[in-house]
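Novice: Quick one, fold the following:
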Amino acid sequence: MAKEPRDFTVLHGHRVVSGRELRATFVEHDETEDNPVRLRRRILHGVVLVLLVGLIIAAIIVALAIMNGQIRIPTAERSRSSVSACPTATFDYTPNDKISLNVYNGTNRPGLARSVADEFLARKFAVADVGNTQSGYRGVAAVVSGAAGQSAAFSVQRNLPESDYFQDGRSDGSVDVILTGEFKELTGPELVDQTPGKLSCPRESRRIVDGAKWPVIPKAG
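Specialist: Residues are numbered from 1 along each chain as shown. I've put the predicted structure just below:
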């Protein structure tokens, strides 16, 4: 006698619900459209998820920018610069022949320090040292002195337009000039303003006082 085909929809006397019937049941009884509270909750969860993804992407972008040097985080050494504000005193113009000056070339232009030093010599400055140096400073020129050389540095700045003043820990009155690629020329001798005035420190937030001969001049941002 031939066996009757097995009915797979019945197992141990119980009817087996198929996947298609389950999906139809859930779709049929989905309360999302009928329940505004559940709908708002789903929308809120979606918004939160988008915000979290955006924060993660932003954090990655910032981290890459810091690694590439596009964003600089102030260091403890840099924060010490805020303790020493740019001198606020008004200085008289010191006669050129009373100023001991060192001229340094911070560029790849050969002979720049020597040619500028000769110009200072022609103006009766007492030029002592002339040479090359390496510096991360990116301005027109850095004028560097200790506290005792501030008045002399003021006079040097009047001859060196758009220069930035930096102070280091030296005890004598000597002044250093560091020339950069943006340097073009000295102020014409007949145009030098010799009236009293103040030192120019437009980059005060990046000025660091150092006890060594050379000030720590950080890279411009």
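Novice: Report how many residues lie close to Phe154.
Specialist: 25 (other Cβ atoms under 10 Å). All C-beta atoms are positioned from the backbone trio N, CA, C, and that covers glycine.
Novice: That one: what's it in contact with?
Specialist: Phe91, Tyr93, Thr94, Gly197, Lys198, Leu199 (Cβ atoms under 8 Å, 6 or more residues apart in numbering).
Novice: quick one, phi/psi of the third one?
Specialist: What that stands for is Thr94. Here is the backbone geometry of Thr94 (degrees, to the nearest 10): phi -80, psi 130.
Novice: Skipping its backbone neighbours, what lies nearest it in space?
Specialist: Once flanking residues are discounted, Thr94 sits nearest to Ser155: 4.5 Å by Cβ to Cβ, 6 or more residues apart in numbering.
Novice: May I have the residues that are in contact with that neighbour?
Specialist: Applying Cβ under 8 Å, 6+ apart, we find Ser155 in contact with Phe91, Tyr93, Thr94, Pro95, Asn96, Ile99, Gln194.
Novice: what do you get for Leu112?
Specialist: Asn105, Leu179, Phe183.
Novice: in the sheet, who's paired with the first one?
Specialist: When you say that, I think you mean Asn105. Beta bridges link Asn105 to Asn132, Leu179 when assigned by DSSP bridges.
Novice: Next one: it from Ala142, what distance?
Specialist: Computed with Cβ to Cβ, to the nearest Å, the distance linking Asn105 and Ala142 is 12 Å.
Novice: Just confirm Ser135 is within a helix.
Specialist: No. Checked against DSSP: H, G, I helix; E, B strand; the rest coil, Ser135 lies outside a helix; its state is coil.
Novice: tell me the helices in this protein, going along the chain?
Specialist: Taking DSSP state H, the helices of the chain run over residues 19-28, 36-67, 76-79, 112-122, 150-159.
Novice: any idea which of those helices is most buried?
Specialist: Compared across the helices of the chain, helix 150-159 shows the largest average neighbour count, a mean of 23 (mean count of other Cβ atoms under 10 Å).
Novice: Could you give the average pLDDT over it?
Specialist: Across helix 150-159, pLDDT averages out at 97.
Novice: Spell out which residues make up each domain of the protein.
Specialist: Segmentation of the chain into domains, based on automatic domain parsing, reads 30-67, 88-206.
Novice: Quickly, which of the ones you listed bottoms out on average pLDDT?
Specialist: When I compare the domains of the chain, domain 30-67 is least confident, with a mean of 78.
Novice: Which pLDDT value belongs to Arg72?
Specialist: 56.
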